[in-house]
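Peer 1: A structural model of the following input is requested.
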Amino acid sequence: MSLKDRITEDMKAAMRAKDSERLGTIRLLLAAIKQKEVDERVLSDDVVVVALLDKLIKQRKDSIAAFTQAGRTDLADKEAGEIKVLEAYLPARLDAAAVAAEVRAIVAELGASGPGDMGKVMGAAKTRLAGKADMGAVSAAVKAALSGG
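Peer 2: Okay, here's the model as predicted:
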């Protein structure tokens, strides 16, 4: 079963269970998937769905930071709940040590050195680690590897 099919089934289950918060988040995710399909005239596979999940989770994290700064813990809590629902659809992520090892391997393969090669290494890392690791963690690992850390 594809990830998109699983999300659709979970939406139906949330409807039957009358879980309105979960249902709202799942509908939002399905709407984002549908929008991507319409805009690009493609059918979404698991890779596209995972990329969308990452994007939506990042948006929620940014919102939490803004709401917390504004003292709106009620809205920050709502966003945190949505993140939990969205993260359930992500595949297992690599831990920090595994990300660092992958990045070191990419740096060695490309013969990269110094901060000037950041873009080249990130490009390769994005293709290799897409959906497997948080890109923020990958970026930090690339910076550390290129600065000699």
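
Peer 1: and the most centrally placed residue in the chain, what helix or strand is that in?
Peer 2: By CA atoms, centre = their mean, the chain has its centre lying nearest to residue 54, at 1.7 Å. Secondary-structure element containing residue 54, defined by DSSP states H and E: helix 46-69.

Peer 1: now that helix: buried residues?
Peer 2: By neighbour count with 16 or more other CB atoms under 10 Å, helix 46-69 contains the buried residues 48-54, 56-57, 60, 63-64, 67. Every residue, glycine included, has its C-beta placed from N, CA and C.

Peer 1: show me what that helix is packed against.
Peer 2: In this structure, helix 46-69 packs against helix 3-17, helix 20-40, helix 73-87, with contacts taken as 3 or more CB pairs under 8 Å, 6 or more residues apart in numbering; DSSP states H and E.

Peer 1: will you turn those helices into CSV that also has mean pLDDT?
Peer 2: Conversion of the helices and strands packed on helix 46-69 to CSV gives the following (pLDDT from 0 to 100):
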stretch, mean pLDDT
helix 3-17, 94
helix 20-40, 94
helix 73-87, 94
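
Peer 1: I'd like those helices written out as a markdown table, with mean neighbour count and distance to residue 93 added.
Peer 2: Converted to a markdown table, the helices and strands packed on helix 46-69 look like this (neighbours: other CB atoms under 10 Å; distance: least, CB to CB, whole Å):
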| stretch | mean neighbour count | distance to residue 93 |
| --- | --- | --- |
| helix 3-17 | 15 | 15 |
| helix 20-40 | 15 | 18 |
| helix 73-87 | 16 | 9 |
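
Peer 1: out of the ones you listed, which gets nearest to residue 126?
Peer 2: When the helices and strands packed on helix 46-69 are ranked by distance to residue 126, counting by CB to CB, first place goes to helix 20-40 at 17.6 Å.
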